[in-house]
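In: let me see the structure of the following:
(2 chains)
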Amino acid sequence: DGGITQSPKYLFRKEGQNVTLSCEQNLNHDAMYWYRQDPGQGLRLIYYSQIVNDFQKGDIAEGYSVSREKKESFPLTVTSAQKNPTAFYLCASSIDPSVNDGYTFGSGTRLTVV
Amino acid sequence: QQPVQSPQAVILREGEDAVINCSSSKALYSVHWYRQKHGEAPVFLMILLKGGEQKGHEKISASFNEKKQQSSLYLTASQLSYSGTYFCGTEVLEGFQKLVFGTGTRLLVSP
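Out: Just a heads-up that it's a prediction; the model follows:
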């Protein structure tokens, strides 16, 4: 079955460390997205990518970086510059924004700073 | 730019109906609706497009008023499985079509 795989499910980071969250999809979707969700709040867009080797900042990109070297993969790095990284991170994909279909989400990575 | 959802929370008994509203300050291309269970990924329910096209869930309906930049999700004859947090996501007309999500409406259906 096709879908999005995020790993790890839980991640603990020490202050000052960079960590990378994995997102892989086998849906052949062109567009991929990273969202951050804080308790009791909605999803806020961190970065998005329409095609391979291209990505754009979302609303809260500071302290994060991404790459899109392959269509299937869109890893997110949470850098030490992100002062409050504890949150639930969701990766999503869509077939093509012009096709007008819903997003498919991964099961998320819960990041905690210790 | 973030759409506003109302109400923030709803408690229903099984079989009752509910309406969740989503309002934007910008002209919209589409509105998406998702449901998220605690600790899980959001699941796509429905998309409503400018011009009237809809795609989505068989048992859930929604409306999209383009002039008012508002959408409503109608949950009828609610089931226990409807419990969760409902998010609307809006795509604005300019630029790359990316979703901006509302803060969510928590729905609890009790027996």
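
In: show me the shaky parts of chain A.
Out: In the predicted model, chain A carries pLDDT under 70 at residues A:1, A:97-99.

In: tell me which parts of it are close to chain B?
Out: A:33, A:35, A:40-45, A:48, A:50, A:56, A:58-59, A:90, A:97-98, A:100-108 (CB under 8 Å from any CB of the partner chain). (Glycine included, C-beta is placed from N, CA and C.)

In: hmm, try it at 7 Å
Out: A:33, A:41-43, A:45, A:48, A:50, A:90, A:97, A:100-103, A:105-108 (CB under 7 Å from any CB of the partner chain).

In: now, of these, which are buried?
Out: By neighbour count, with 16 or more other CB atoms under 10 Å in any protein chain shown, those hold A:33, A:42-43, A:45, A:48, A:50, A:90, A:97, A:100, A:102-103, A:105-106, A:108 as buried.

In: I'd like those residues as TSV, with secondary structure appended.
Out: Below are these laid out as TSV (DSSP: H, G, I helix; E, B strand; the rest coil):
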residue	secondary structure
A:Tyr33	strand
A:Gly42	coil
A:Leu43	strand
A:Leu45	strand
A:Tyr48	strand
A:Gln50	coil
A:Leu90	strand
A:Pro97	helix
A:Asn100	coil
A:Gly102	coil
A:Tyr103	coil
A:Phe105	strand
A:Gly106	coil
A:Gly108	coil
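
In: dump these to a markdown table, plus distance to B:Leu49.
Out: Output for those, formatted as a markdown table (distance: CB to CB, whole Å):
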| residue | distance to B:Leu49 |
| --- | --- |
| A:Tyr33 | 19 |
| A:Gly42 | 21 |
| A:Leu43 | 21 |
| A:Leu45 | 20 |
| A:Tyr48 | 20 |
| A:Gln50 | 19 |
| A:Leu90 | 24 |
| A:Pro97 | 12 |
| A:Asn100 | 6 |
| A:Gly102 | 12 |
| A:Tyr103 | 15 |
| A:Phe105 | 20 |
| A:Gly106 | 25 |
| A:Gly108 | 28 |
